[in-house]
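Novice: return a 3D structure for these sequence lines:
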Amino acid sequence: MATRRSSDSRRTRDPPATSATPGTARTVATSASTPPAPAPRRRRSDAAATSAARAQPPVAVSAERRRAMIAEGAYLRAERRGFAPGHESEDWFAAEQEVDRLLAGGAQARQ
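Specialist: Residues are numbered from 1 along each chain as shown. Have a look, this model is predicted:
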């Protein structure tokens with residue numbers, strides 16, 4: 001595209017070129033008239049999110065509250081299983097591990 005100087009030293013541009021298609025006159029787009037696309041937003045990686053969650057201090061609860069949390073977790077596990085007998089100890093130990101992970105900072109419990 002040609003640029004010319006006028007007598008008052010301001011730059012002016014020639015009008016945009018048009019295509020010679022019969023019956024239509026289309027303006028040819030120039031790169032200078034189109035604004036740049038915004039940069040895509042980056043997501044935090046799983047490793048960054050996990051390390052941020054690990055930075056949280058452990059939560060202190062009483063032994064009584066911890067036991068209540070484990071009991072509730074074991075009950076919910078048994079409920080999901082349809083209360084089938086014979087898995088009570090497994091439910092309790094799995095709930096105990098989950099509660100301990102939550103109290104330690106929460107990052108490992110979500111995995």
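Novice: buried sites along stretch 59-67?
Specialist: Neighbour-count burial for stretch 59-67, counted by 16 or more other C-beta atoms under 10 Å, picks out no residue. Bear in mind the C-beta positions are built from the backbone N, C-alpha and C, glycine included.
Novice: low pLDDT regions in the protein?
Specialist: Scanning the chain with the threshold set as pLDDT under 70 gives 1-35, 42-56, 106-111.
Novice: at 90 instead, please
Specialist: Counting by pLDDT under 90, the chain shows low-confidence ranges at 1-60, 105-111.
Novice: quick one: residues contacting residue 72.
Specialist: Residue 72 sits next to residue 95 when contact means C-beta atoms under 8 Å, 6 or more residues apart in numbering.
Novice: same deal with residue 63?
Specialist: So residue 63 contacts nothing (C-beta under 8 Å, 6+ apart).
Novice: and residue 61, what are its phi and psi?
Specialist: Phi and psi for residue 61, reported as degrees, to the nearest 10, are phi -130, psi 160.
Novice: could you do residue 64 as well?
Specialist: For residue 64, the backbone dihedrals (degrees, to the nearest 10) come out as phi -70, psi -40.
Novice: tell me the spacing between it and residue 86.
Specialist: From residue 64 across to residue 86, the span is 28 Å (C-beta to C-beta, to the nearest Å).
Novice: swap in residue 66?
Specialist: Residue 66 sits 25 Å away from residue 86, going by C-beta to C-beta.
Novice: before we move on, what about residue 98?
Specialist: For residue 98, the distance to residue 86 (C-beta to C-beta) stands at 20 Å.
Novice: ok, the two, which is more surrounded?
Specialist: More neighbours surround residue 98 than the other of residue 98 and residue 86, with 17 against 7 (other C-beta atoms under 10 Å).
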